[in-house]
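**Student:** Turn this into a structure:
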Amino acid sequence: MARRTDARRKALGTAVVVGLALVSQGLLAGCMASDSGQPSGNGRPASKSLFDGKSLAGWKVTDFAGHGEVVVKDGQIVLEMGPADLTGITWAGGDLPKTNYEITLEAARLDGNDFFCGLTFPVKDSCCSLICGGWGGTIVGLSCLDGFDAANNETTKFKEFEKGRWYRIRVRVTDPKIEAWIDDEQLVDANIEGRKIGVRMEVEPSQPFGIATWRTKGAVRDIQIRPIGD
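**Tutor:** This next block holds a predicted model:
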């Protein structure tokens, strides 16, 4: 009887070790899938980075007349002020989603007093812009809804921005809505069903996806896009 008990204990111990090894391998595989850009074990789509931190690969300098210099340094894209109003970059690295996706990035105002991040993004068959710090430095909102820009529609908000501070910006586009957050504060929650969506004429060269500054030196980094469920 004692020998049988010892044998059962040994068999049980072996099974536990094998089970733990299998679990460990499964977890490792899940981490490897997530790191490689594949969906993780929880089924959530992985984000795709749109900036390698070293170059403008996938981007082009936006053809704004009189734009400032655009340089990559210290893991960020710096948009210098030019002799004219706008400086920016436009995505040239391939097609992006038009709905059911999120864009995240970090942006900072380094100098100047106007918008340091005018983020233009696709919305179905059109485009829209999230303006951060416009109209003298404090206005946040969407340009344009039904022809009204960020200073003149229901998304208009006022927020103080500190020079040199990085802000985390997130935009979510779905069929019924455009939503936006700065850090953890939701500032935009706009119903877009049946509405005319567009951009201001000045930033049309940013379409379909671009980032611009207005009479301001700004910087952006950690630009990512992620599909979301409908």
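
**Student:** what's downstream of the one helix or strand in the chain whose mean pLDDT sits lowest, the next helix or strand?
**Tutor:** In the chain, no helix or strand scores lower on mean pLDDT, DSSP states H and E than helix 2-35, which sits at a mean of 41. Downstream of helix 2-35, the next assigned helix or strand under DSSP states H and E is strand 48-49.

**Student:** Could you list every helix and strand in contact with the following helix or strand past that next one?
**Tutor:** Downstream of strand 48-49, the next assigned helix or strand under DSSP H and E is strand 59-61. Under the contact criterion of 3 or more Cβ pairs under 8 Å, 6 or more residues apart in numbering; DSSP states H and E, strand 59-61 touches strand 86-91. Bear in mind the C-beta positions are built from the backbone N, C-alpha and C, glycine included.

**Student:** list the buried ones in the helix or strand just after the strand it packs on?
**Tutor:** Remark: after strand 86-91, the chain's next helix or strand is strand 101-112, criterion DSSP H and E. Neighbour-count burial for strand 101-112, counted by 16 or more other Cβ atoms under 10 Å, picks out Tyr101, Glu102, Ile103, Thr104, Leu105, Ala107, Ala108, Arg109, Leu110, Gly112.

**Student:** Give me the domain ranges for this structure.
**Tutor:** As assigned by automatic domain parsing, the chain contains the domains 1-46, 48-227.

**Student:** Mean pLDDT lowest where, among the ones you listed?
**Tutor:** Across the domains of the chain, domain 1-46 has the smallest mean pLDDT, namely a mean of 45.

**Student:** contacting residues for Lys163?
**Tutor:** By Cβ atoms under 8 Å, 6 or more residues apart in numbering, Lys163 lies in contact with Ala108, Arg109, Leu110, Asp111.

**Student:** correct me, but the second one touches Arg215?
**Tutor:** No: counting by Cβ atoms under 8 Å, no contact exists between Arg109 and Arg215, whose distance comes to 11.2 Å.
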